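S.K.: Can you look at this prediction? I've put the sequence above it.
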Number of protein chains: 6
Amino acid sequence: MDNLEKEKIKQIIENRNKSHSYFSKKSKVYRSFVEMEKNTYSDGKLSKKQKELIAIGISIVINCESCMEWHIKQAINDGAKEDEILEAIEVGIEMTGGPGTASARFAMNVLDYYLNDK
Amino acid sequence: MDNLEKEKIKQIIENRNKSHSYFSKKSKVYRSFVEMEKNTYSDGKLSKKQKELIAIGISIVINCESCMEWHIKQAINDGAKEDEILEAIEVGIEMTGGPGTASARFAMNVLDYYLNDK
Amino acid sequence: MDNLEKEKIKQIIENRNKSHSYFSKKSKVYRSFVEMEKNTYSDGKLSKKQKELIAIGISIVINCESCMEWHIKQAINDGAKEDEILEAIEVGIEMTGGPGTASARFAMNVLDYYLNDK
Amino acid sequence: MDNLEKEKIKQIIENRNKSHSYFSKKSKVYRSFVEMEKNTYSDGKLSKKQKELIAIGISIVINCESCMEWHIKQAINDGAKEDEILEAIEVGIEMTGGPGTASARFAMNVLDYYLNDK
Amino acid sequence: MDNLEKEKIKQIIENRNKSHSYFSKKSKVYRSFVEMEKNTYSDGKLSKKQKELIAIGISIVINCESCMEWHIKQAINDGAKEDEILEAIEVGIEMTGGPGTASARFAMNVLDYYLNDK
Amino acid sequence: MDNLEKEKIKQIIENRNKSHSYFSKKSKVYRSFVEMEKNTYSDGKLSKKQKELIAIGISIVINCESCMEWHIKQAINDGAKEDEILEAIEVGIEMTGGPGTASARFAMNVLDYYLNDK
C-alpha cells in the first residue's frame, strides 16, 4: 500500500497511545469515558463483533478516521471477515451518500493495512 | 405512551409515504437512491437484521428521527428483540455522548410504539 | 396539505420574526451576521437565485428545517421554478444519502406551502 | 410566550424524565454515561457555571434542542444571567453561521421559559 | 503553491482512483451510488455546472476535502470561473461561520492547483 | 513532540495566513465574517478568555483542527492555564463521546506545541 497512507495510519495509532496516557492521568472525565467504552463493546445480546460493525458504520458517516482505524482493527480481532466489514461500510455509504464514499477510502486503506500489509 | 409522541411518529410515517410518491414520480436521483437502498438492506455476509442494527446506531449519532422510526421498524420485522435494538442504541450513545442520550429518547418512543402501543 | 405540517411551517416563520427582533436588539454578533448574510445573498457573478439554490442544497444536507423554509421561499421569490428547486434538493440527496431523503420531505412540504397552499 | 413552543419545552422535559428511568434501569452504558456527565459538570479549575456555558455553545452548533433546554436551565441554576447566556449563544452563532441563528431561536424560547414564563 | 498542500491534493486523487476500482468490483451498493451520482450531475433544469456549484457549497459546510477537490475540478471543467466558485464558497461560509472559513482554505488550494499549478 | 504533528500545526498556521490574505482581498462575505468574529471574541459579560474556552469545546465536537489550533492559542494568550483548557476539552468529550476523544488528541498536541515546544 501507499507509504503516505501507511504513515497516516501509524501516526493515528501512535497519537492514540500518547493521548491515552495523557488523558488517563489528567482527566477524570476521560477515565469515565473509558469505563463507558468498556461497557459498550462487550458481548451481550449482540456480540462484541456485531457492535464493532455498528461502530464502523457510524465512523464512515461521521468521517472519523481514528474511529475507523480502531473499530476495523477490533472487528478483525473479533473474527470479522473483509466482506463483513465491507457490508458495514456499505450501510455507512447508504446513510451518507457521496461523502461516505470519500470516508470509505480511508476504511479501505485500514483494511489493507491490517489484512495485507502491517 | 404519550399522545404527542405517538402523533409525531404517525406524522413521520404519513410524510414518508407522501414524499415517496412525490419523489418517485418526479426524481430520477431519488429512484436511483431507492435502488441503492435495496442493494444495501438485503441479506449478504451480514443479515438484513444486522444491517438494520448498524443503521439504528448511525441514526442515533446523526439524530435522524425519521431514520430511527424506519430502521427500528425494519429491525423488529427482521426479528430483532428489544434488547438487541437497545445495544445498537448503546453503541450510538458511546459514539456521540450526551446528544446521543437525547436521540435515544425518540428511539425509546419508537420501540414503545411498535412493541406495545401501535 | 396536512394541517400539522402547515402549522409547523407557520411556527418557523413566527419564531424567526420574534427572534430576529430579540437578537437584533440584544446582539452585536447577530447584527454583524445579518450584514454577512446580506453580502452573501446578492447578485454577483452568480445570481441571487443561484446562491439560494446552493443554500437549499446545504440545508438538505444539514437538515435545517428553518433554513429550508427560508431559502426555498427566497428562491421562489427570485423566480426559481419547482423543478429547479427539486434539482437542488437532488444534489443534497446525493451528498447525504438516506437521511437526505428524510430532509427532502420537509422541503417538499415547504414547496407545497408556497406554491399551492399558503 | 407562544403556547406551541411552551408545549415543546414541556414535552422535552417529560421525555427526558421518562427515558432517564428507562435507560437507567436497562442500560449499563447509559449508567456509565451518567457517571461521566457528573464528572464533567462539577466545579474544577472552571466553575460548573462556566462549563454549562460551554455546553450551551456546543448545543447551538449541533442544534440539540434537548441539550439547550438542559444546559440553559443548569446555567441559570448556577447563577448565569441572561446576558451571559446570550454571549455563549453568540459564540455558537459565530461557529456555525446561518443555521446557528436558527438554533438560537429555540435557545431564546428556553430563556424566556425559565426567566419569565414557566 | 506549497508542496505539502500539493502532495495532499495528489494523494486524494490517487486514493479516489484506487478505491473506485476496489469498490466498483466489490460492492453493488457502491455501483448503485455511482448510478445515482450520474443521474445527479447531468444537465437538467439546472446545468451540470450549477449543480457542481451547489455541491461545492455543501462540501465547504461538511468540510469534505475530497468532495471539494472533485466538485471544484468538475466545475472548472464545466466552465466555471474562479469568481463563480468563490461565490459558491461564500454561501458555504455564510452557512457554517468560522469552521467554514477553515474549509475554505483547502478549497482555495484546490483552486490554485487547477488554475495555476497542476 | 512528534515532528509530523508539529509540521501539521505549522501547516495550519501558514495556510490560515495565506488564505486570510486571499479572502480578505477577494470576498466581501469573508470581510463581514471577520467583523462578526471580532464582535464575538471581545470582553463583554463573559471575558474573551471564557469565550475562547467555549469555542474550544465546540471545536472538539465538530473536530475542526484549525479551530482548535486558533482558539487554544487565543485562550493561552488570554491567560488560560492548561488545566482550564483541559476542562473545556472535557465538556467537548462529554458532548460527543468516542469521536471527541479522537479530536482531543489533536488538542493535546496543540497544547504541547504552545506550552512546551513551539
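M.R.: Everything's here; your move. Numbering: from 1, shown residues only, chains lettered A, B, ... in the order given.
S.K.: which non-adjacent residue is nearest residue A:80?
M.R.: Among residues not flanking residue A:80 along the chain, residue A:49 sits closest, at 5.5 Å (Cβ to Cβ, 6 or more residues apart in numbering or on different chains). Every C-beta, even on glycine, is put in place using the N, C-alpha and C of the backbone.
S.K.: What strand or helix carries the one you found?
M.R.: Residue A:49 belongs to helix A:48-62 when assigned by DSSP states H and E.
S.K.: what do you get for residue A:107?
M.R.: Per DSSP H and E, residue A:107 falls inside helix A:97-116.
S.K.: what separates that helix from the chain centre, distance-wise?
M.R.: Put simply, helix A:97-116 sits 10 Å off its chain's centre (Cα atoms, centre = their mean, to the nearest Å).
S.K.: so it versus helix A:48-62, what angle?
M.R.: 140 degrees (axes from the mean of the first three to the mean of the last three Cα atoms, to 10 degrees).
S.K.: list the buried ones in helix A:97-116?
M.R.: The neighbour-count check on helix A:97-116 (16 or more other Cβ atoms under 10 Å in any protein chain shown) flags A:97-114 as buried.
S.K.: What of stretch A:37-54?
M.R.: A:37, A:39-41, A:44, A:46, A:48-54.
S.K.: Now for these: which two are most distant?
M.R.: A:39 and A:53 (18.0 Å; Cβ to Cβ).
S.K.: correct me, but residue A:68 touches residue A:105?
M.R.: No: applying Cβ atoms under 8 Å as the test, residue A:68 and residue A:105 come out as separate, 10.2 Å apart.
S.K.: which residues touch the residue in chain A sticking out farthest from the centre?
M.R.: Residue distances from the centre of chain A (Cα atoms, centre = their mean) peak at residue A:26, which lies 24.5 Å from the mean C-alpha position. By Cβ atoms under 8 Å, 6 or more residues apart in numbering or on different chains, the contact set of residue A:26 is residue F:86.
S.K.: Can you give me the distance of it to residue A:20?
M.R.: Plainly put, residue A:26 is 11 Å away from residue A:20 if you go by Cβ to Cβ, to the nearest Å.
S.K.: do the same with residue A:64
M.R.: Taking Cβ to Cβ, one finds residue A:64 at 16 Å from residue A:20.
S.K.: out of these two, which sits in the more crowded spot?
M.R.: Using other Cβ atoms under 10 Å in any protein chain shown, the more surrounded residue of residue A:64 and residue A:20 is residue A:64, with 24 against 14.
S.K.: I'd like the distance between that one and residue A:92.
M.R.: 11 Å.
S.K.: Compute the first-to-last residue distance for stretch A:21-37.
M.R.: Length of stretch A:21-37, first residue to last, Cα to Cα, to the nearest Å: 16 Å.
S.K.: Hmm, I typed the wrong one, I wanted stretch A:93-102.
M.R.: End-to-end distance (Cα to Cα), stretch A:93-102: 9 Å.
S.K.: Residues contacting that stretch, please?
M.R.: With contacts defined as Cβ under 8 Å, 6+ apart, stretch A:93-102 is touched by A:57, A:60-61, A:63, A:92, A:103-104, B:36-37, B:40-41, B:55, B:58-59, B:62, B:67, C:93-100, E:16, E:19, E:23, E:27, E:29-30, E:33, E:36-37, E:55, E:62, E:64, E:66-67.
S.K.: How far off centre is it?
M.R.: The chain centroid and the centroid of stretch A:93-102 are separated by 17 Å under Cα atoms, centre = their mean.
S.K.: Setting aside sequence neighbours, what's the nearest residue to residue A:76?
M.R.: That would be residue A:114: by Cβ to Cβ, 6+ apart, it lies 5.3 Å from residue A:76.
S.K.: before we move on, what about residue A:53?
M.R.: residue A:88 is the one closest to residue A:53 (Cβ to Cβ, 6+ apart), at 4.2 Å.
S.K.: Which residues are in contact with the one you found?
M.R.: Residue A:88 touches A:53, A:54, A:56, A:57, A:60, A:75, B:46, B:54, counting by Cβ under 8 Å, 6+ apart.
S.K.: burial of residue A:17, as a residue count?
M.R.: Neighbours around residue A:17, by other Cβ under 10 Å: 11.
S.K.: For the helix or strand containing residue A:8, the averaged confidence score.
M.R.: In this structure, residue A:8 sits in helix A:3-26 according to DSSP H and E. The average pLDDT within helix A:3-26 is 95.
S.K.: which parts of it are buried?
M.R.: So, applying 16+ other Cβ under 10 Å, buried residues of helix A:3-26: A:5, A:8, A:9, A:12, A:15, A:16, A:18, A:19, A:22, A:23, A:26.
S.K.: mind putting the residues you listed in a markdown table, distance to residue D:79 included?
M.R.: Formatted as a markdown table, those follow (distance: Cβ to Cβ, whole Å):
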| residue | distance to residue D:79 |
| --- | --- |
| A:5 | 51 |
| A:8 | 46 |
| A:9 | 47 |
| A:12 | 42 |
| A:15 | 39 |
| A:16 | 38 |
| A:18 | 38 |
| A:19 | 34 |
| A:22 | 32 |
| A:23 | 30 |
| A:26 | 28 |
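S.K.: For those residues, which two are the farthest from each other?
M.R.: Pairwise over the buried residues of helix A:3-26, using Cβ to Cβ, the maximum falls at A:5 and A:26, 31.4 Å.
S.K.: tell me the contacts of residue A:116?
M.R.: Neighbour list for residue A:116: residue A:1 [criterion: Cβ under 8 Å, 6+ apart].
S.K.: any idea of the pLDDT on it?
M.R.: At residue A:116, the pLDDT value in this model is 91.
S.K.: From chain F, how far out is it?
M.R.: From residue A:116 across to chain F, the span is 24 Å (Cβ to the nearest Cβ, to the nearest Å).
S.K.: now do residue A:77
M.R.: Counting by Cβ to the nearest Cβ, the gap from residue A:77 to chain F is 17 Å.
S.K.: Tell me the secondary structure at residue A:45.
M.R.: With DSSP: H, G, I helix; E, B strand; the rest coil as the basis, residue A:45 sits in coil.
S.K.: Grab the nearest non-local neighbour of it.
M.R.: residue B:83 (4.3 Å).
S.K.: burial count for that neighbour?
M.R.: For residue B:83, using other Cβ under 10 Å, the count is 12.
S.K.: And for residue A:58?
M.R.: 31.
S.K.: Contact residues of chain A facing chain C?
M.R.: Residues of chain A lying close to chain C (Cβ under 8 Å from any Cβ of the partner chain) are A:93, A:94, A:95, A:96, A:97, A:98, A:99, A:100.
S.K.: What ranges in chain A fall below the confidence cut-off?
M.R.: Counting by pLDDT under 70, chain A has low-confidence residues at A:118.
S.K.: Tell me which residue in it sits closest to chain C.
M.R.: Closest to chain C within chain A is residue A:97: 3.6 Å, counting by Cβ to the nearest Cβ.
S.K.: What distance do you get for that residue to residue E:55?
M.R.: Distance, residue A:97 to residue E:55, using Cβ to Cβ: 11 Å.
S.K.: again, but for residue A:5
M.R.: On the measure of Cβ to Cβ, residue A:5 and residue E:55 end up 25 Å apart.
S.K.: Within range of chain F, give me the residues from chain A.
M.R.: A:7, A:11, A:14-16, A:18-19, A:22-23, A:26-27, A:29-30, A:33, A:36-37, A:55, A:62, A:64, A:66-67.
S.K.: Now with 7 Å, please.
M.R.: Within chain A, the residues that sit near chain F (Cβ under 7 Å from any Cβ of the partner chain) are A:11, A:15-16, A:19, A:22-23, A:26-27, A:29-30, A:33, A:37, A:62, A:64, A:66-67.
S.K.: hang on, the earlier thing: hmm, residue A:77 and the residue nearest to residue A:80 touching each other?
M.R.: No: counting by Cβ atoms under 7 Å, residue A:49 stays clear of residue A:77, with 8.9 Å between them.
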